[in-house]
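Peer 1: Quick one, structure for this:
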Amino acid sequence: MPVSPLICWTWNFGAGLSEAESAKLLQLLDAVQAQGKLAAAASACQVSYRSAWGLLKRYEQHFGQPLVIKGRGRGTALSDFGERLLALDAAARASLDSVHAPWGLRLKELLAPSETAEPERLHIAASHDLALADWIENGRRVKVDIRWRGSEEALTALARGECDAAGFHIPGKLGSTETSAWLGRWLDLRQYAFFPVMRRQHGILTAPGNPFGITSLADVAKLRLRMVNRQRGSGTRGMIDQLLAANGLQASALPGYAHEEFTHDAVAAAVASGKVDVGIAIQAAAARYDLGFVPLGSDLYCLALRSSIANGTAVAHLVRRFRGETFKARLAALTGYASAGDTRTFQPWESFASQIC
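Peer 2: You can find the predicted model right below:
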């Protein structure tokens with residue numbers, strides 16, 4: 001069985017701490033953020049509670065700052081420093097992925113020149129999503145590797161052949177004609193097939209109870225509230241800019257417009273910590289951090305891939321998993337998510353476009 005080559009990198013935090021330990025630390029912090037309990041996080045990382053606690057203490061001593069906060073009866077949460085360290089790692093990986101991808105593809109071609117067009121394990125560049133992230137990380141039978149990128153960056157990677165599939169989201173206000181024109185900036189739609197994964201609710205994240213009484217992005221500008229933005233090339237960033245234009249607002253009207261984060265979780269964490277007053281993200285991120293939420297609209301999250309592999313075994317397996325009860329239950333458990341229908345296969349653009357409304 002051919003092995004897909006990868007280019008990997010790790011942090012070296014120094015002071016005799018190995019790169020493997022640094023990688024395990026970041027994995028543990030990510031699990032703590034998702035699980036809310038150190039014991040569950042340790043189990044997810046396949047280490048003992050004692051080992052996990054010892055690793056945290058060693059790094060806290062090295063950094064001179066706490067990484068987690070344990071509260072009686074409240075589980076374990078990341079400290080402000082822990083959240084910033086994890087966000088830094090996510091931002092670095094998102095940036096380096098775009099640098100590494102072409103070289104990884106060339107290495108793959110060099111080592112396996114006779115490999116068939118149909119991959120055994122799908123490599124996906126995708127706009128960040130909470131349901132997809134949890135499902136991929138916890139689903140051992142889902143044969144995919146995923147790199148989080150903005151929607152536009154993911155589509156660019158697909159067009160360049162740097163991945164097998166791209167995950168992107170279409171704002172609910174775009175019809176099929178507008179979407180076709182938008183996607184046509186990256187893809188020759190005749191050569192690709194598309195699959196609707198899920199629908200998600202977007203909105204403004206505020207402190208609990210919406211203390212400023214925000215109802216729109218215009219209110220954010222009027223009150224000069226501090227905002228956290230998404231990175232350029234992300235679908236959410238595009239939506240934010242569209243809302244600004246629709247309200248006749250300039251980017252300069254929003255303090256913090258230049259403050260960028262790479263995931264919905266990072267936006268929610270920034271609002272929850274009080275570093276900023278508002279951010280725009282999916283409703284599930286607001287619910288995860290117990291934040292206020294002002295709905296702005298919904299989007300359709302989709303996957304695109306080359307038509308030549310749309311009927312392959314790996315793709316068929318992925319579609320079955322998306323339409324399985326486990327993924328449906330995950331969507332039902334997340335606030336603001338809904339199924340995108342019961343489509344059983346990737347479709348040519350003409351068929352797919354008819355579902356966009």
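Peer 1: give the contact list for residue 52.
Peer 2: Counting by Cβ atoms under 8 Å, 6 or more residues apart in numbering, residue 52 makes contact with 28, 38, 41, 42, 45. Using the backbone N, CA and C atoms, a C-beta is placed for each residue, glycine as well.
Peer 1: Share the number of residues neighbouring the second one, please.
Peer 2: This means residue 38. 20 (other Cβ atoms under 10 Å).
Peer 1: right, and it touches residue 51 too?
Peer 2: No: counting by Cβ atoms under 8 Å, residue 38 sits too far from residue 51 to count as a contact (11.1 Å).
Peer 1: Show me the shaky parts of this protein.
Peer 2: For the chain, the stretches with pLDDT under 70 are 1-8, 15, 73, 97-119, 137-142, 172, 357.
Peer 1: Can you pull up the most central residue in it?
Peer 2: Note on the chain: the residue nearest the mean C-alpha position is residue 128, at 1.5 Å, using Cα atoms, centre = their mean.
Peer 1: Would you map the strands across the protein?
Peer 2: Ranges of strands in the chain, per DSSP state E, are 68-71, 75-78, 122-126, 144-148, 165-171, 192-206, 227-230, 260-261, 278-282, 292-306, 337-339, 347-348.
Peer 1: Can you tell me which of those strands is most buried?
Peer 2: Greatest average neighbour count among these goes to strand 278-282 (a mean of 29), per mean count of other Cβ atoms under 10 Å.
Peer 1: What pairs with that one, parallel or antiparallel?
Peer 2: strand 192-206 (antiparallel), strand 227-230 (parallel) (DSSP bridges).
Peer 1: Work out the gap between the shortest one and the centre of the chain.
Peer 2: Read it as strand 227-230. How far strand 227-230 lies from its chain's middle: 15 Å, per Cα atoms, centre = their mean, to the nearest Å.
Peer 1: Would you enumerate the residues in contact with the residue lying closest to residue 155 once chain neighbours are set aside?
Peer 2: Counting by Cβ to Cβ, 6 or more residues apart in numbering, residue 155 lies nearest to residue 186, which is 4.0 Å off, once chain neighbours are set aside. Neighbouring residues of residue 186 by Cβ under 8 Å, 6+ apart: 152, 155, 156, 158, 159.
Peer 1: which phi and psi does residue 186 have?
Peer 2: phi -120, psi -40 (degrees, to the nearest 10).
Peer 1: what's the spacing between it and residue 309?
Peer 2: 18 Å (Cβ to Cβ, to the nearest Å).
Peer 1: Likewise for residue 124?
Peer 2: Residue 124 is 12 Å from residue 309, by Cβ to Cβ.
Peer 1: overlap in contacts of those two?
Peer 2: Common neighbours of residue 124 and residue 309 are listed as residue 164 (criterion: Cβ under 8 Å, 6+ apart).
Peer 1: Among the strands of the chain, which comes closest to residue 55?
Peer 2: In terms of Cβ to Cβ, the element of the strands of the chain nearest to residue 55 is strand 68-71, at 10.9 Å.
Peer 1: In the sheet, which strands lie alongside that closest one, parallel or antiparallel?
Peer 2: Strand 68-71 is paired, per DSSP bridges, with strand 75-78 (antiparallel).
Peer 1: next one: the strand it pairs with to chain centre, how far?
Peer 2: Here the centre of strand 75-78 is set off from its chain's centre by 22 Å, with Cα atoms, centre = their mean.
Peer 1: Pull the residues that contact that strand.
Peer 2: Strand 75-78 is contacted from outside by 29, 32-33, 36-38, 41, 67-71, 86, using Cβ under 8 Å, 6+ apart.
Peer 1: do that again at 6 Å, thanks
Peer 2: 32, 33, 36, 37, 38, 68, 69, 70 (Cβ atoms under 6 Å, 6 or more residues apart in numbering).
Peer 1: So which of those is the closest to residue 80?
Peer 2: Taking Cβ to Cβ as the measure, residue 80 lies nearest residue 69 of the contacts of strand 75-78, at 9.1 Å.
Peer 1: if I pick the closest one, what's in contact with it?
Peer 2: The neighbourhood of residue 69, defined by Cβ under 6 Å, 6+ apart, consists of 77, 79.
Peer 1: is it true that residue 236 touches residue 230?
Peer 2: Yes: using Cβ atoms under 6 Å, residue 236 is in contact with residue 230, at 4.3 Å.
Peer 1: quick one on the thing from earlier: would you reformat the contacts of residue 186 as JSON lines and include distance to residue 272 and neighbour count?
Peer 2: JSON lines is the format used below for these (distance: Cβ to Cβ, whole Å; neighbours: other Cβ atoms under 10 Å):
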{"residue": "152", "distance to residue 272": "27", "neighbour count": "20"}
{"residue": "155", "distance to residue 272": "31", "neighbour count": "25"}
{"residue": "156", "distance to residue 272": "32", "neighbour count": "20"}
{"residue": "158", "distance to residue 272": "34", "neighbour count": "24"}
{"residue": "159", "distance to residue 272": "36", "neighbour count": "17"}
